[in-house]
Every structure is written in structure tokens, then in C-alpha cells.
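**Student:** give me coordinates for this.
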Amino acid sequence: MSVTNSSPSMDNRRVQWENPLPVSEERDTTTWPDGAGYTADGLGVDGNTGGALELPSAGFEDVKTGLGLWRTDPSDSILLAIVIIISAAKLGEIVAKRLGIPQVVGELVMGIILGNIYLFSGWDFFNFLHEMPFLKILSGIGAIVLLLVVGINTDLRAMLKVGLSALLVTLGGILAPVGLGCLISYFLLPGASLNTHLFLMAILCTSSVAIKLKVFDELGKLQSIEARISIASAVLNEIILLLFLAAIVGITTSGRFSAVHVAVTGAISVAFLIGLGMVSLWFGESIGDLVTRRCPEGIKIFIIVVACIGLTYLAEMVGLATIIGAFGAGLLLRYVKTKSLTGKYRSMDELVRPTYLVIVPIFFVIAGAQVRLESFMDMDAVLLGLSITGAAVLGKLFCSFCVVERGANRLAIGIAMVARLEVALVIASVGKSVGALSDTLFSAATIMVAITAIMSPPLMKLALTRAKEFVPEKAPVPYGLSNESRKKFLMLRQLGRR
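**Tutor:** Numbers count the residues shown, from 1 in each chain. Purely as a prediction, here's the structure:
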């Protein structure tokens with residue numbers, strides 16, 4: 001039930017929550033000091049005008065259920081919602097593990113099921129996944145924690161060694177989808193505007209950072225060359241895409257392109273990242289040693305939290321995504337150690353891991369709930385969505401040919417770049433809100449996101465866990481090999497595998 005504000009003292013803040021009790025015809029109001037009041041059934045009123053009053057809250061927006069479980073007290077509703085989401089995430093993880101697929105798929109599928117269950121049953125109990133504002137905040141925190149853990153486990157020096165491949169993968173992952181997007185626009189959307197074509201290309205260029213990182217973490221391969229290339233490429237892709245999005249939104253809303261604004265934003269973003277990287281490389285170990293040895297445990301936690309939140313805020317201020325700031329915070333804090341109750345030192349990963357295991361699954365469940373399955377009921381949207389999906393998959397698989405490092409699993413890197421999720425949905429929503437994307441095209445983009453988000457993790461696992469027998473550097477050459485087989489063995493031994 002929505003409640004609107006007519007009281008100027010509340011700064012036009014908005015509250016919406018569910019009142020499961022029937023609204024009384026006779027309202028017994030109690031006056032507040034500023035002239036406002038409230039009714040016995042929980043509705044705020046303005047004491048001067050009799051109008052509805054708007055109150056600050058973290059509750060719902062028009063959630064209707066007949067079970068009476070959602071209370072007028074927002075804190076009760078939030079706690080129940082968190083319990084439901086965590087339980088759904090754990091159930092999805094268990095099922096996915098039994099099926100031998102990455103657990104992130106189980107979390108995404110549970111989100112998709114709960115977020116769309118009303119389509120099949122008419123039961124709107126889980127509408128809170130779409131309409132409770134606090135969950136959006138919690139989901140954002142989950143993404144921040146995920147990238148913080150990735151930064152903690154990332155060796156920046158090792159990442160710089162694959163810088164050329166990361167740059168080529170980024171360029172290939174943008175140019176190929178743009179080219180395929182042009183073909184789709186030309187043949188399937190001949191009458192569409194330039195703005196529509198630009199938003200479609202932006203959606204095709206996206207790649208879900210969160211999904212690929214979760215899969216690498218589950219498989220214990222965050223330190224692998226494939227993970228380093230994918231992570232570095234994802235950061236570069238994020239910067240380029242955000243600049244591109246700023247440009248096309250400006251073109252769509254104002255009709256003109258501000259090259260100066262885009263250039264300034266890009267320069268500030270690059271300077272922020274370079275500065276963060278240099279501080280991490282040159283002073284990271286010194287900062288970690290200073291904080292570890294000189295600061296009490298309570299101050300260490302304070303520094304960690306402030307650094308993470310502060311850098312995410314600064315990243316957003318300079319035009320980058322908050323997750324990039326969280327990744328930078330992980331790079332800076334990776335050498336900090338805290339003491340356990342037994343007096344033993346714990347790494348940052350050990351400190352953050354419990355929070356990671358609780359908060360990050362919430363992010364994936366809520367992200368999955370944003371996929372609307374009613375898109376699959378429109379045949380035009382389905383056909384267009386399948387075409388876009390084909391372009392999205394082929395465009396990112398082209399990245400496999402851009403890797404120059406020897407011994408890298410090129411196919412796994414290409415598959416890792418295929419998944420789309422949070423960024424693609426945001427761009428599609430922005431495009432629809434400014435009138436660049438029709439309902440059909442928005443539904444087609446949603447279909448592409450759903451397919452790539454679910455298909456990519458199992459294929460990544462398959463590509464990354466292919467049976468390989470490693471050959472020690474000094475391993476003797478097996479007896480009885482032909483000259484050709486001997487040369488092949490020596491070559492593969494140099495690469496470290498057979």
C-alpha cells in the first residue's frame with residue numbers, strides 16, 4: 001500500500017509498506033508535534049490537510065499477499081525476506097552440487113523461479129524480490145563483497161604480465177559483438193532509430209564480472225592465468241562500456257554528443273585506476289605490515305570497512321562502477337592480517353570469507369529474480385532474443401583468438417566472457433526508460449541475459465576441469481617413444497602439461 005507525502009518537514013522521502021489488516025472506515029488519529037498524525041490502522045496522515053503522509057522506511061512497494069506474514073513494521077519484513085533468500089540460495093547450491101554444475105547456477109535459477117512463480121500460480125508472495133528497496137541495497141553490498149574478495153586474492157604483478165592478452169580480449173570482446181549487433185540491427189530491425197542500435201550494441205558488449213569470478217572461486221582457480229586475463233579484461237571492459245553508456249544516454253536524451261565530457265570522465269577513471277594500482281604495487285605490502293603490526297584489532301576492522309566503502313564511493317564519483325572500487329580496496333588490503341581469539345594471524349580472505357558466503361548468494365538470487373520469464377511468451381521477442389543470444393555468444397567466443405599467452409585455456413576465457421547479467425539488465429532498463437528500446441526488444445535482451453547467465457558457468461567448469469596430466473619440468477622422457485612423439489613430449493613438458 002503506497003503512502004504519499006504532503007508534509008514538507010519530511011523532505012519528500014518515500015515509504016511504502018504492506019498493511020495486512022483491513023483499513024478501518026473510521027480512523028482514530030493521534031496528532032504528532034508537527035501537525036502530522038497516524039491512524040490506528042497504521043496509515044500516516046497530515047494533521048493540517050488530512051492528506052496521506054509519507055514516512056522514511058526500508059519496506060515494500062505495494063506487495064499484496066494473503067498470508068499476513070508481511071508486517072507493517074519494515075524490520076520484520078526485511079528479516080523474513082533475508083531468511084527466505086538465504087534459504088533459497090542454499091537450496092539452489094545443494095541441487096547444483098548434486099548435478100555437478102557450478103553453485104552460482106543454482107542460485108540464479110532459484111532467483112528466476114521465485115521471481116516468476118506468480119506467472120504459473122498467481123501467487124504473489126515472492127513479489128518482495130522486486131519491490132523491497134532494502135534488498136537492492138543488500139544486493140549491491142553482495143557485489144561489493146564479491147569483488148573485495150577477488151581483489152584480496154589477486155596478485156597485481158601477475159595480472160600485469162597478462163596485460164597484452166587482457167587488452168586484446170577486451171578489444172575483441174567489444175568489436176566482435178558490435179559488428180554482429182550491426183548485422184542484427186540491419187536485417188532484423190531495419191526501421192529502428194540510431195539510439196536503438198547503440199543500446200543494442202552496448203548490451204551485446206557487456207560481460208558479467210560477478211558470474212565468472214564466482215565460478216573461478218568455486219573451482220579454486222582465482223590464481224590461474226585464465227582468471228587473471230578474464231578479471232583484467234572485465235575491468236577494462238567495464239570502463240569502456242560505462243563511457244560508451246554515458247555517451248549514448250547523452251545522445252538519446254539531449255540529441256547531441258559531448259566528446260569533452262566523455263574524454264574528461266575517461267581520463268579521471270583511468271587516472272583513478274592507475275593511481276590505485278601504483279599504490280597497491282609500491283606500498284601495498286608496507287601498508288599491510290603497518291596496519292598489521294601497529295593497529296589494535298578494532299582499528300584494523302575500522303580501517304578495512306572504511307577503505308572498502310570509501311573506495312567504492314570514490315569509484316562511483318569518478319564515473320566507474322562501485323565494484324571496481326571494491327576490487328581496488330581488495331588489492332590495497334590483501335596484505336593486512338588480523339588476530340583470531342587464539343592469537344594466530346588470519347589473512348584478509350579468512351576474515352571476509354564468512355561474510356562472502358552469506359551475502360554473495362543473496363546478490364545472485366536477487367539478480368536472477370530480475371529476469372522476467374513473461375518475455376518468453378512473446379514469440380517475436382523469443383525469435384529476436386535467440387538471434388541476439390547467438391550474436392552475444394559468438395561475439396564473446398571470438399575473445400578466444402585474442403589470447404597470446406602460451407599454455408592458457410583460450411576456450412575457457414572465451415566462455416567466461418559470454419555470461420551477461422547485472423550490467424546488461426541495467427543498460428536494457430536505461431534504454432527502455434529513455435524510449436530507445438521497445439517492449440519487444442527489452443524482452444529479447446532479457447531472454448539473452450537469462451540464456452547466457454545459465455549456460456556459461458557449466459561450460460566454464462567443463463572447459464577449466466578438462467583432464468590434464470601435468471609433467472614436471474625435469475620429468476624423464478618415457479622409453480620407447482618415436483622421434484615425433486619425443487619432440488611433442490618435450491614441447492608439452494616445457495608448457496607444463498601433457
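
**Student:** mind pulling up the pLDDT for the closest residue to Gly288 other than its chain neighbours?
**Tutor:** Of all residues not flanking Gly288 in the chain, Tyr335 sits nearest, at 2.5 Å (C-beta to C-beta, 6 or more residues apart in numbering). The C-beta positions use only the backbone N, C-alpha and C, and glycine is treated the same way. Listed pLDDT for Tyr335 reads 91.

**Student:** what's the answer for the one 10 residues further on, then?
**Tutor:** Per-residue confidence for Tyr345 comes out at a pLDDT of 86.

**Student:** and for Gly59?
**Tutor:** 47.

**Student:** repeat for Val393
**Tutor:** Value listed for Val393 in the pLDDT field: 96.

**Student:** now for Cys402: which residues touch it?
**Tutor:** The contact partners of Cys402, by C-beta atoms under 8 Å, 6 or more residues apart in numbering, come to 165, 168-169, 171-173.

**Student:** got JSON lines for the residues you listed, with secondary structure, distance to Ser438 and pLDDT too?
**Tutor:** Shown next, in JSON lines, are the contacts of Cys402 (DSSP: H, G, I helix; E, B strand; the rest coil; distance: C-beta to C-beta, whole Å; pLDDT from 0 to 100):
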{"residue": "Ser165", "secondary structure": "helix", "distance to Ser438": "38", "pLDDT": "92"}
{"residue": "Leu168", "secondary structure": "helix", "distance to Ser438": "35", "pLDDT": "94"}
{"residue": "Val169", "secondary structure": "helix", "distance to Ser438": "32", "pLDDT": "94"}
{"residue": "Leu171", "secondary structure": "helix", "distance to Ser438": "30", "pLDDT": "94"}
{"residue": "Gly172", "secondary structure": "helix", "distance to Ser438": "30", "pLDDT": "94"}
{"residue": "Gly173", "secondary structure": "helix", "distance to Ser438": "26", "pLDDT": "93"}
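
**Student:** closest to Met110 out of these?
**Tutor:** Nearest to Met110 among the contacts of Cys402, counting by C-beta to C-beta, is Gly173 at 28.8 Å.

**Student:** so the nearest residue to that closest one once chain neighbours are set aside: helix, strand or coil?
**Tutor:** Counting by C-beta to C-beta, 6+ apart, Cys399 is the residue found nearest to Gly173 once chain neighbours are left out, at 4.8 Å. Here Cys399 is recorded as helix under DSSP: H, G, I helix; E, B strand; the rest coil.

**Student:** any idea how many residues pack against Cys399?
**Tutor:** 29 (other C-beta atoms under 10 Å).

**Student:** look up how far Leu331 lies from it.
**Tutor:** 24 Å (C-beta to C-beta, to the nearest Å).

**Student:** now Leu425
**Tutor:** 27 Å.

**Student:** which stretches of the stretch 351-498 of the chain have low pLDDT?
**Tutor:** In the predicted model, the stretch 351-498 of the chain carries pLDDT under 70 at residues 467-498.

**Student:** rerun that using 50 as the cut-off
**Tutor:** Scanning the stretch 351-498 of the chain for pLDDT under 50 picks out 467, 469-473, 479, 497-498.

**Student:** re the thing from before, and of the contacts of Cys402, the nearest to Asp124?
**Tutor:** Gly173 (38.9 Å).

**Student:** might one say that the closest one is in contact with Met417?
**Tutor:** Yes - using C-beta atoms under 8 Å, Gly173 makes contact with Met417 at a distance of 5.2 Å.

**Student:** who touches both of these two?
**Tutor:** Common neighbours of Gly173 and Met417 (criterion: C-beta under 8 Å, 6+ apart): 207, 233, 396, 399.

**Student:** what's the pLDDT at Lys97?
**Tutor:** Reported pLDDT for Lys97: 89.

**Student:** so what's it up against?
**Tutor:** 103, 106.

**Student:** re the thing from before, inside strands: which ones of the shared contacts of Gly173 and Met417?
**Tutor:** Among those, none falls in strands (DSSP state E).

**Student:** where neighbours are concerned, which of those has the most?
**Tutor:** When neighbours are taken as other C-beta under 10 Å, the top entry among the shared contacts of Gly173 and Met417 is Ser207 (31 neighbours).

**Student:** that one: what's it in contact with?
**Tutor:** Each residue near Ser207 by C-beta under 8 Å, 6+ apart is listed here: 173, 234, 237, 396, 417-420, 423.

**Student:** now render the residues you listed as CSV, adding distance to Val95.
**Tutor:** CSV is the format used below for those (distance: C-beta to C-beta, whole Å):
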residue, distance to Val95
Gly173, 31
Ala234, 28
Asn237, 31
Lys396, 27
Met417, 26
Val418, 23
Ala419, 20
Arg420, 23
Val423, 27
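
**Student:** just those residues now: which is nearest Leu276?
**Tutor:** Nearest to Leu276 among the contacts of Ser207 is Ala234, at 15.8 Å by C-beta to C-beta.

**Student:** check contacts around the closest one.
**Tutor:** Contacts for Ala234 (C-beta under 8 Å, 6+ apart) come out as 207, 209, 212-213.

**Student:** thought Ile85 was touching Val365?
**Tutor:** Yes - counting by C-beta under 8 Å, Ile85 touches Val365, with 5.1 Å between them.

**Student:** can you list residues touching both of these two?
**Tutor:** Common neighbours of Ile85 and Val365 (C-beta under 8 Å, 6+ apart) are Leu129.

**Student:** Leu464 - how many residues pack around it?
**Tutor:** Using other C-beta under 10 Å, Leu464 has 21 neighbouring residues.

**Student:** ok, it touching Glu226?
**Tutor:** Yes - counting by C-beta under 8 Å, Leu464 touches Glu226, with 6.8 Å between them.

**Student:** overlap in contacts of these two?
**Tutor:** 409, 412.

**Student:** and the nearest residue to Val382 once chain neighbours are set aside, how far is that from Asp124?
**Tutor:** When the adjacent residues along the chain are set aside, Val382 lies closest to Phe376, with 5.9 Å between them (C-beta to C-beta, 6+ apart). Per C-beta to C-beta, Phe376 is found 19 Å from Asp124.

**Student:** can you list the domains in the protein?
**Tutor:** The record's domain split for the chain, according to automatic domain parsing, is 1-57, 127-464, 469-498.

**Student:** need the winner for burial among the ones you listed.
**Tutor:** domain 127-464 (a mean of 19; mean count of other C-beta atoms under 10 Å).

**Student:** mind jotting down where the strands sit in the stretch 301-450 of the chain?
**Tutor:** Remark: strands assigned in the stretch 301-450 of the chain by DSSP state E, counting those that start in this stretch are 337-339, 345-347.
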